[in-house]
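**Q** what's the 3D shape of this:
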Amino acid sequence: MTPADLHARIAAVTDRIAGRPLDAALGAFLNAEFGPATEAWQALKTTCEAGVAEGWLCQREGGGIRYGRIFKPGPELGGFSVDVVDMADIAGPHHVHPLGEIDLIMPIDDGARFDGAPAGWLVMPPASAHRPTVSGGRALVLYLLPEGRIDFTRAA
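**A** Numbering: from 1, shown residues only. Next up, the predicted model:
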């Protein structure tokens, strides 16, 4: 597996969602078309797991979280940047999503959840905010950020 493999798999998703509002309808669409029961979701998870194991994903570490931006926003990914985090039973730093955020939740441990959500896609609308939290074990989470926009805050 290579970063190019991941790029191609993500482009297959972003080609279908670019320009759509980040809302519950988009979340339903992603889970129906690219959810955990699909080959596309399994391929994304397998590629991300390989990337972490091979060291080209989540190359940084801070506060018990491994993370990294693998792709900057650009037209080939519908204007989204791509970050991947590797978290286990921890809350990350509070931040705001000025343009929204799309999360691909890939549990490594059975029962791991991200912000209470199981395996699959979670769409957060523009201006939403949170402390990203993985509970129930370890999970990889891939973030699609429109224009790469994220604002870290000092909020608790």
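
**Q** can you map out the strands along the chain?
**A** 60-62, 65-71, 80-91, 95-97, 101-107, 113-114, 120-124, 128-130, 133-146, 151-152 (DSSP state E).

**Q** which one of those is the most hemmed in?
**A** Comparing these by mean neighbour count (mean count of other CB atoms under 10 Å), strand 101-107 ranks first with a mean of 23. C-beta coordinates here come from the backbone N, C-alpha and C atoms, glycine included.

**Q** who does that one pair with, and is each partner parallel or antiparallel?
**A** strand 120-124 (antiparallel), strand 133-146 (antiparallel) (DSSP bridges).

**Q** contact partners of the first one?
**A** Taking contacts as CB atoms under 8 Å, 6 or more residues apart in numbering, the residues outside strand 120-124 that touch it are 22-24, 26-27, 30-31, 34-36, 41, 97, 100-105, 114-115, 130.

**Q** now do stretch 74-82
**A** 6-7, 10-11, 14-15, 17-19, 69-73, 102, 142-148.

**Q** 7 Å - rerun?
**A** 10-11, 14-15, 17-18, 69-73, 142, 144-148 (CB atoms under 7 Å, 6 or more residues apart in numbering).

**Q** starting from the least confident helix or strand in the chain by mean pLDDT, tell me which strands it pairs with and how they run.
**A** Sorting the helices and strands of the chain by mean pLDDT, DSSP states H and E puts strand 151-152 at the bottom, at a mean of 90. Partner strands for strand 151-152, per DSSP bridges, with pairing direction: strand 95-97 (antiparallel).

**Q** quick check: beta-bridge partners of the residue nearest to residue 129 when sequence neighbours are not counted?
**A** For residue 129, ignoring the flanking residues on the chain, the nearest one in space by CB to CB, 6 or more residues apart in numbering is residue 96 at 4.3 Å. Judged by DSSP bridges, the bridge partners of residue 96 are residue 129, residue 151.
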